[in-house]
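Colleague: here are the coordinates; sequence isn't available:
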């Protein structure tokens with residue numbers, strides 16, 4: 001097969017390195033391992049060789065001039081000053097006998113972790129009359145002659161006698177996203193709101209494949225392996241930021257073939273509403289003393305309508321003595337009324353506001369209210385009356401007849417309860 005130095009020859013699912021990408025002859029090979037921290041020599045070109053598979057990589061990041069490679073097993077490889085020299089260093093992964101070069105030239109960015117994953121390119125070095133590619137293969141100790149390198153590019157079995165690696169792209173994984181935080185929980189629809197900034201992604205795939213979730217900037221935020229039953233589940237490694245985020249979910253087979261992405265966009269909102277003001281009264285519609293907006297400290301209404309404000313956008317929740325109680329909100333009257341009667345006694349009544357995403361505010365300042373539905377015991381009979389009319393007057397008369405049409409009935413001094421007068425069974429003022 002004829003080819004120029006600049007041709008990208010497909011080998012085992014990766015394109016070949018264009019020869020202008022490599023200088024090769026003067027480079028020094030430095031073998032590094034997962035979990036190591038090494039420092040690049042900025043005075044010369046170096047090829048850092050990692051014996052690991054592409055599918056083991058979770059994320060690339062740039063910290064200053066350092067390259068940080070994060071792996072799915074939570075380990076890291078750190079190459080200090082990788083980006084700091086005048087001469088470009090190279091990173092090569094070797095899986096068995098297959099070298100794969102990683103090109104960051106188009107992926108460096110000033111946002112996020114410094115490397116846009118979607119713009120990282122992976123190349124297989126293949127010698128097609130390109131001395132520089134041949135030199136790289138020789139430096140790695142993987143070939144001894146140009147004919148061997150050419151065989152890698154042209155033989156259907158990959159040149160090592162083994163069956164060729166699969167190049168079939170896996171199907172995009174099916175999945176759902178579940179909110180596990182706050183009062184509003186369960187599956188989240190595409191475009192839906194959530195207060196869970198580490199929601200659970202779960203779904204189905206091919207056993208043994210790696211499932212990868214990336215954010216809109218191409219950063220890998222979670223990975224896992226599909227189980228033998230064909231199911232998988234993961235949560236992001238770290239909380240995601242508030243706002244609209246499009247997540248891309250792919251699965252990668254052991255040969256490094258990655259599926260197209262299945263996407264979902266979520267509106268993440270973890271900011272609760274502001275603390276509401278204290279209730280400014282209550283509606284009492286029980287007993288002889290009633291009011292639409294009472295501020296009395298005692299009531300005989302065991303289900304008072306607490307005034308929390310009309311037309312609230314966020315959902316109010318009633319708390320009595322710190323416990324959440326079932327209540328009904330009337331947006332027209334602005335009252336929040338307990339469904340079940342409150343027990344007698346003193347109570348601190350507060351409420352909260354919960355937004356559509358499920359974030360709940362701090363409780364309001366309390367209104368203190370005493371519920372008293374028990375009548376006083378039956379009083380004793382009047383022990384006389386005050387007669388201050390006519391020739392016969394008496395401050396404490398017990399005579400059965402009086403000429404005073406408004407006698408003062410003696411019911412006792414210093415009463416704490418309000419006495420009510422009845423004449424012939426009728427309440428009189």
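Modeller: On my side now, so go ahead. Just so it is clear, the structure is predicted and the values come from calculations on it, not from any experiment. Numbering: from 1, shown residues only.
Colleague: residue ranges for the helices of this structure, please.
Modeller: In the chain, helices defined by DSSP state H lie at 131-139, 146-154, listed in chain order.
Colleague: which one of those has the lowest average pLDDT?
Modeller: Least confident of the helices of the chain, judged by mean pLDDT, is helix 146-154 with a mean of 30.
Colleague: give the contact list for residue 382.
Modeller: Each residue near residue 382 by Cβ atoms under 8 Å, 6 or more residues apart in numbering is listed here: 409-411. Where C-beta positions appear, they are placed from N, C-alpha and C, glycine not excepted.
Colleague: which of those count as buried?
Modeller: Buried residues within the contacts of residue 382, defined by neighbour count using 16 or more other Cβ atoms under 10 Å: residue 410.
Colleague: Narrow the contacts of residue 382 to those in strands?
Modeller: Among the contacts of residue 382, the ones falling in strands (DSSP state E) are residue 409.
Colleague: Pick the one among the contacts of residue 382 closest to residue 312.
Modeller: Of all the contacts of residue 382, residue 312 sits closest to residue 411, with 47.4 Å by Cβ to Cβ.
Colleague: I'd like the distance between that closest one and residue 300.
Modeller: 21 Å (Cβ to Cβ, to the nearest Å).
Colleague: Show me the shaky parts of this structure.
Modeller: Within the chain, the segments meeting pLDDT under 70 span 1-27, 86-89, 95-98, 124-167.
Colleague: rerun at 80
Modeller: Applying pLDDT under 80 to the chain flags the ranges 1-28, 42-44, 53-56, 73, 85-89, 94-100, 117-118, 121-168.
Colleague: and the closest residue to residue 37 other than its chain neighbours, how many residues sit next to it?
Modeller: Spatially, and ignoring its direct neighbours in sequence, residue 37 is nearest to residue 78 (4.2 Å; Cβ to Cβ, 6 or more residues apart in numbering). Per other Cβ atoms under 10 Å, the neighbour tally for residue 78 reads 18.
Colleague: repeat for residue 73
Modeller: 12.
Colleague: Okay, and the beta partners of residue 427?
Modeller: Taking DSSP bridges as the rule, residue 427 bridges to residue 422.
Colleague: can I assume it is in contact with residue 288?
Modeller: No. The criterion here is Cβ atoms under 8 Å, and residue 427 misses it with residue 288 at 9.2 Å.
Colleague: who touches both of the two?
Modeller: Residues touching both residue 427 and residue 288 by Cβ under 8 Å, 6+ apart: none at all.
Colleague: quick revisit: might you report the residue contacts of the residue nearest to residue 37?
Modeller: Counting by Cβ under 8 Å, 6+ apart, residue 78 touches 36-38, 66-69.
Colleague: just these now: which is nearest residue 400?
Modeller: Nearest to residue 400 among those, with distances taken as Cβ to Cβ, is residue 68, at 105.5 Å.
Colleague: ok, now how distant is residue 283 from residue 334?
Modeller: Using Cβ to Cβ, we find residue 283 at a distance of 9 Å from residue 334.
Colleague: So for these two, which residues contact both of them?
Modeller: residue 307.
Colleague: quick revisit: name whatever forms a beta bridge with the residue nearest to residue 37.
Modeller: Under DSSP bridges, the beta-bridge partners of residue 78 are residue 37, residue 68.
Colleague: Kindly indicate which of the contacts of residue 78 lies nearest residue 392.
Modeller: residue 68 (109.1 Å).
Colleague: Please verify my assumption that the closest one contacts residue 75.
Modeller: No. Counting by Cβ under 8 Å, residue 68 does not reach residue 75; the two are 11.2 Å apart.
Colleague: how close does the most centrally placed residue in the chain get to residue 329?
Modeller: The centroid of the chain falls nearest to residue 197 when counting by Cα atoms, centre = their mean (1.3 Å). Applying Cβ to Cβ, the value for residue 197 to residue 329 is 28 Å.
Colleague: rewinding a little: and of the contacts of residue 382, the nearest to residue 340?
Modeller: Of these, the one sitting nearest to residue 340 (Cβ to Cβ) turns out to be residue 411, at 36.9 Å.
Colleague: residues contacting that closest one?
Modeller: Neighbouring residues of residue 411 by Cβ under 8 Å, 6+ apart: 379, 382, 419.
Colleague: Report the separation between the residue nearest to the second one when sequence neighbours are not counted and residue 416.
Modeller: Okay, so that is residue 382. In this structure, residue 382 finds its nearest non-sequential neighbour in residue 409, 4.7 Å apart by Cβ to Cβ, 6+ apart. Going from residue 409 to residue 416 by Cβ to Cβ gives 18 Å.
Colleague: ditto for residue 221
Modeller: As for residue 221, its distance to residue 416 is 67 Å (criterion: Cβ to Cβ).
Colleague: Tell me which of the two has more neighbours.
Modeller: More neighbours surround residue 221 than the other of residue 221 and residue 416, with 23 against 5 (other Cβ under 10 Å).
Colleague: That one and residue 235 touch, don't they?
Modeller: No. Using Cβ under 8 Å, residue 221 makes no contact with residue 235, being 9.3 Å away.
Colleague: Quick one: residues contacting the closest residue to residue 115 other than its chain neighbours.
Modeller: Leaving aside its sequence neighbours, residue 115 sits nearest to residue 60 (Cβ to Cβ, 6+ apart; 4.5 Å). By Cβ under 8 Å, 6+ apart, the contact list for residue 60 reads 67-70, 102, 104, 107, 113, 115, 117, 120.
Colleague: What of residue 48?
Modeller: Residues counted as contacts of residue 48 (Cβ under 8 Å, 6+ apart) are 30-32, 38, 40, 79, 82, 89-92.
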